[in-house]
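Trainee: structure, please.
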Amino acid sequence: MSNDNIQRRGLMLVLSSPSGAGKTTLSRKLLEGDSSLAMSVSTTTRAPRSGEEEGKDYFFVSPSMFTQMAQGDAFLEHALVFGHHYGTPREPVQMALAKGRDVLFDIDWQGTQQLRQRAGDDLVSIFVLPPSHEELERRLRARAQDAEDVVQARMAKANNEISHWAEYDYVVINDDLESTLAKIRTILDAERMKRGRQTGIAEFARKLMD
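Mentor: Numbering: from 1, shown residues only. Model prediction:
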């Protein structure tokens, strides 16, 4: 058995950040460069938007079906956001982990708390911070020509999200995209090598001693 092929259990990688800190770009680049990492696909009660595909972007269900799934403990985490329900289906995530695949989650601190309660050691959480208050405000203003009260509301929400940084396993400051990406990849590589996740290491070590 090659040491590159030792069986391992997958992990659940959470990236959280305030809006404007670069989480979406970091997630996309992580997925592009890592074939062992897949994005979690959420279930939602909102209608599909133009170009969205069932099973790729979301699993679209009726409110009654969502309620039935939630009551049946089908979600690892779920929340009501702007009048629509969103949830992470349990079964596809657990199947991926059992096959040694890692699953990436783009969720907020509330969803991360729910995942931690249910996932335990399978979860690795990273919080991404902007380099400064001024830079975060600049990024939020650059997104669209919104009214001042809208910008201030977004900043207030960002401050609330940032206040939960200490609940995460790792914290990185996104002052440079490539450098931040390299740090996250280092975290992912190290977590993959943890003894508890290498389910085939006991057999490998036993064969070495035979």
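Trainee: may I see the buried residues of the helix or strand of the chain with the lowest mean pLDDT?
Mentor: Among the secondary structure pieces of the chain, namely its helices and strands, helix 133-143 has the lowest mean (mean pLDDT, DSSP states H and E), a mean of 78. Of all the residues in helix 133-143, those buried under the rule 16 or more other C-beta atoms under 10 Å are Leu136, Glu137, Arg139, Leu140. (Glycine included, C-beta is placed from N, CA and C.)
Trainee: adding distance to Asp149, write these out as CSV.
Mentor: Output for those, formatted as CSV (distance: C-beta to C-beta, whole Å):
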residue, distance to Asp149
Leu136, 17
Glu137, 14
Arg139, 18
Leu140, 13
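Trainee: looking at those residues, which is nearest Ser17?
Mentor: Leu136 (9.8 Å; C-beta to C-beta).
Trainee: read off the pLDDT value for the nearest residue to the closest one once chain neighbours are set aside.
Mentor: When the adjacent residues along the chain are set aside, Leu136 lies closest to Pro130, with 4.0 Å between them (C-beta to C-beta, 6 or more residues apart in numbering). Per-residue confidence (pLDDT) for Pro130: 91.
Trainee: tell me the centre residue of this protein?
Mentor: Computing the C-alpha centroid of the chain and ranking residues by C-alpha atoms, centre = their mean puts Phe105 first, at 1.9 Å.
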